[in-house]
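1. Okay, predicted coordinates and the sequence, questions at the end:
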Amino acid sequence: MAILVDETTRVLVQGITGREGRARARLMREYGTTLVAGCTPGRGGEVVDGVPVYDTVAEAVEAHGRFDAAVVYVPAPLVKDAALEAIAAGIGLTVLVGDRVPVWDVMEIARAARQAGTTFLGPNTLGVLSVDRGVLGMIGGRAESARAWFTRGRVGVASRSGGMTSSTGYYLCREGIGLSTLVHVGGESIVGLPLPEVVTRFEADPDTDVIAMFGEIGGSQEERVAGLISAGAVTKPVVAYIGGRAATSGVRFSHAGAIVEGGRGTHEGKVAALRAAGATVVETFDQLPAAVARVLEG
């Protein structure tokens with residue numbers, strides 16, 4: 001098994017005729033993802049690298065039946081309409097790659113997804129990659145590099161940073177530690193699948209034994225993971241690194257969602273909560289692979 005994507009996941013790419021959509025569709029297809037169709041208003045009838053294009057999501061669904069996931073490559077002002085279209089079509093997972101999506105738009109997307117019983121990843125996400133099974137988004141950049149960087153194993157990666165999602169996976173694999181799935185939750189202040197939900201999915205995944213987590217200052221995602229561990233809802237070992245130790249109040253650390261305000265979302269608070277719950281928290285990022293290896297060895 002894997003979480004969020006595998007070789008059976010039927011995928012639609014919205015915005016497939018754009019430069020980014022075309023390039024990332026190629027990554028997904030060449031990595032083995034079941035990319036069924038694309039969608040761009042006004043471009044229906046075209047074919048992109050062998051993938052048929054439709055004007056609307058509804059037309060793609062009518063032609064090909066059920067889709068399990070939609071990946072959205074459109075400019076930020078258009079993300080809301082694209083996401084709502086996918087949700088209305090009953091697509092279970094929508095991956096929102098674009099950044100700087102207005103927060104009110106994300107809230108509307110979240111409300112629609114909740115009402116429809118679907119979910120979304122992002123916005124401002126590199127996506128998700130299940131090793132040797134499939135990728136949604138742009139992790140790895142190209143299929144060749146994704147295959148070279150990541151080897152299959154039993155460690156799940158959950159991260160709030162796009163670049164550090166890939167880096168965490170790369171350095172773990174370089175030390176001989178294979179991966180099940182890598183997930184970048186997204187860098188905005190509101191995201192569809194935050195760390196606690198991703199960690200919960202790893203808990204339920206029989207192919208994941210250990211969870212490697214890259215956290216950041218700001219928000220409460222890491223503290224909520226700690227709460228799940230303390231409550232016994234997450235029993236698999238969690239090994240974490242929290243970025244932003246030197247940041248002071250009001251300073252943003254890399255992403256819109258990584259900002260300390262007053263006494264909330266601090267590095268110290270996150271580390272303390274995780275350690276008190278029983279997670280392993282390393283002081284520096286380069287200590288993460290060795291810490292994961294020790295946990296795997298028991």
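-> Good, I have the coordinates. Because the structure is predicted, anything quoted here is derived from the model rather than measured.
2. Tell me how the protein divides into domains.
-> 10-121, 150-297 (automatic domain parsing).
3. Output those in a markdown table; the columns should cover mean neighbour count, mean pLDDT and distance to Gly134.
-> The way it works is simple: take the backbone N, C-alpha and C, and place the C-beta from them, glycine included. Below are these laid out as a markdown table (neighbours: other Cβ atoms under 10 Å; pLDDT from 0 to 100; distance: least, Cβ to Cβ, whole Å):
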| stretch | mean neighbour count | mean pLDDT | distance to Gly134 |
| --- | --- | --- | --- |
| domain 10-121 | 19 | 98 | 4 |
| domain 150-297 | 20 | 91 | 10 |
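4. Output those in CSV; the columns should cover distance to Met1.
-> Shown next, in CSV, are those (distance: least, Cβ to Cβ, whole Å):
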stretch, distance to Met1
domain 10-121, 14
domain 150-297, 5
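5. Among those, which comes closest to Ile3?
-> Closest of the domains of the chain to Ile3 is domain 150-297, at 4.4 Å (criterion: Cβ to Cβ).
6. start to end distance for the closest one?
-> Domain 150-297 has an end-to-end distance of 20 Å (Cα to Cα, to the nearest Å).
7. Return the distance of it from the chain's centre.
-> Relative to its chain's centre, domain 150-297 lies at 12 Å (Cα atoms, centre = their mean, to the nearest Å).
8. which stretches of the stretch 101-250 of the chain form strands?
-> With strands called from DSSP state E, counting those that start in this stretch, the stretch 101-250 of the chain shows them at 119-121, 127-130, 134-137, 152-159, 179-184, 210-216, 238-243.
9. Can you lay out these as JSON lines showing distance to Gly65?
-> Output for those, formatted as JSON lines (distance: least, Cβ to Cβ, whole Å):
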{"stretch": "strand 119-121", "distance to Gly65": "20"}
{"stretch": "strand 127-130", "distance to Gly65": "23"}
{"stretch": "strand 134-137", "distance to Gly65": "18"}
{"stretch": "strand 152-159", "distance to Gly65": "30"}
{"stretch": "strand 179-184", "distance to Gly65": "26"}
{"stretch": "strand 210-216", "distance to Gly65": "34"}
{"stretch": "strand 238-243", "distance to Gly65": "38"}
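10. Indicate which one of these is closest to Gly192.
-> Of these, nearest to Gly192 by Cβ to Cβ is strand 119-121, at 3.6 Å.
11. In space, what's closest to Gly18 - neighbours in sequence excluded?
-> Tyr73 (5.9 Å; Cβ to Cβ, 6 or more residues apart in numbering).
12. just checking, the one you found touches Gln14?
-> Yes. At 6.8 Å, Tyr73 counts as touching Gln14 under the criterion of Cβ atoms under 8 Å.
13. Common neighbours of these two, please.
-> Taking Cβ atoms under 8 Å, 6 or more residues apart in numbering as the contact rule, Tyr73 and Gln14 both touch Gly21.
14. Mind checking the strands of the stretch 101-250 of the chain for the one nearest to Ala277?
-> The nearest among the strands of the stretch 101-250 of the chain, by Cβ to Cβ, is strand 238-243 at 8.3 Å.
15. Strand partners (parallel or antiparallel) of that closest one?
-> Strand 238-243 pairs in its sheet with strand 210-216 (parallel), strand 280-281 (parallel), by DSSP bridges.
16. Rebuild the ones you listed as JSON lines, extending it with distance to Ala143.
-> Shown next, in JSON lines, are those (distance: least, Cβ to Cβ, whole Å):
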{"stretch": "strand 210-216", "distance to Ala143": "23"}
{"stretch": "strand 280-281", "distance to Ala143": "33"}
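17. now for these, which one comes closest to Ala233?
-> Nearest to Ala233, of all those, is strand 210-216, at 12.7 Å by Cβ to Cβ.
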